[in-house]
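Chemist: what's the 3D shape of this:
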Amino acid sequence: MFYEIDTDHGLPYDPFKACVVPRPIGWISTRSPSGHDNLAPYSQFTNLTFDPPYVLFSSNRTPLGQRKDTVNNAIATGFFAWNLATYALREEVNVTAQQLDPGEDEFVAAGLEKEEGRVVGVSLVKESPVRFECAFERVVELPGNPPMGTVDIIFGRVLAVHISDSVLTDGKIDIKKTEPIARLGYYEYAVVRDTFEMRIPGTNKALLDGLEGSAKANRKL
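Modeler: As a prediction, the model looks like this:
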């Protein structure tokens, strides 16, 4: 099949989000200037580079054209955190996807324990085995169709990383222990339990170091 975006694709469900899969989940925690904690998952999330490490997440505005609490808080305070969404925490992730009032605490609604960030003033999900503390870098606004009208792209620089010792095997984060979940299309998710390894052919060490994401090797180079 083929369809142009502004035409009817003829399928009972829109296929676009199901084409780009799996997508990491940006389980983003923030704190408002008045001290209220917020936690929400975003399925358009990724890392951008590794030295220094940057991440981004995308947030559609509400049907009333208003920015989400996460975006407002990150811009106002200059900080946010990312928490790894895992299979064990899948129900809690789903609960925090609700659009609650700004004064309501998604940590409380989902029954999650908080851990204060060591570098930034943001609550982290204590049960999550991997967390990033981030500084807000900038926001880019992309035009969208009504009623939302605008998409906010939030860029952040990672300042600190938390990794639970319980998910490390031989000095590596063990996917079989973290079991991260990812967004697919429609209402579907995936859980990652199996991996395979491939190395780029040749002896270009800088290329291999980049694939590994070794900041130490990059700085030495």
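Chemist: now the strands for this structure?
Modeler: 23-24, 26-31, 37-42, 45-50, 53-60, 79-83, 114-116, 123-125, 130-143, 150-163, 168-169, 172-173, 181-183, 189-191 (DSSP state E).
Chemist: What's the mean pLDDT across the last one?
Modeler: Translated: strand 189-191. Taken as a whole, strand 189-191 carries a mean pLDDT of 98.
Chemist: Give me the contact list for that strand.
Modeler: Strand 189-191 has contacts (CB atoms under 8 Å, 6 or more residues apart in numbering) with 21-22, 87, 90, 179-184. All C-beta atoms are positioned from the backbone trio N, CA, C, and that covers glycine.
Chemist: any chance of the residues you listed in CSV, with pLDDT and distance to His36 too?
Modeler: Formatted as CSV, those follow (pLDDT from 0 to 100; distance: CB to CB, whole Å):
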residue, pLDDT, distance to His36
Val21, 96, 33
Pro22, 97, 32
Tyr87, 98, 29
Arg90, 98, 25
Glu179, 98, 30
Pro180, 98, 28
Ile181, 98, 26
Ala182, 98, 29
Arg183, 97, 26
Leu184, 97, 32
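Chemist: re earlier: and the strands of the chain: which comes nearest Ala97?
Modeler: Taking CB to CB, strand 37-42 is the member of these nearest to Ala97, at 5.4 Å.
Chemist: what packs against that closest one?
Modeler: Under the contact definition 3 or more CB pairs under 8 Å, 6 or more residues apart in numbering; DSSP states H and E, strand 37-42 sits against strand 26-31, strand 53-60, helix 69-77, helix 106-110, strand 123-125.
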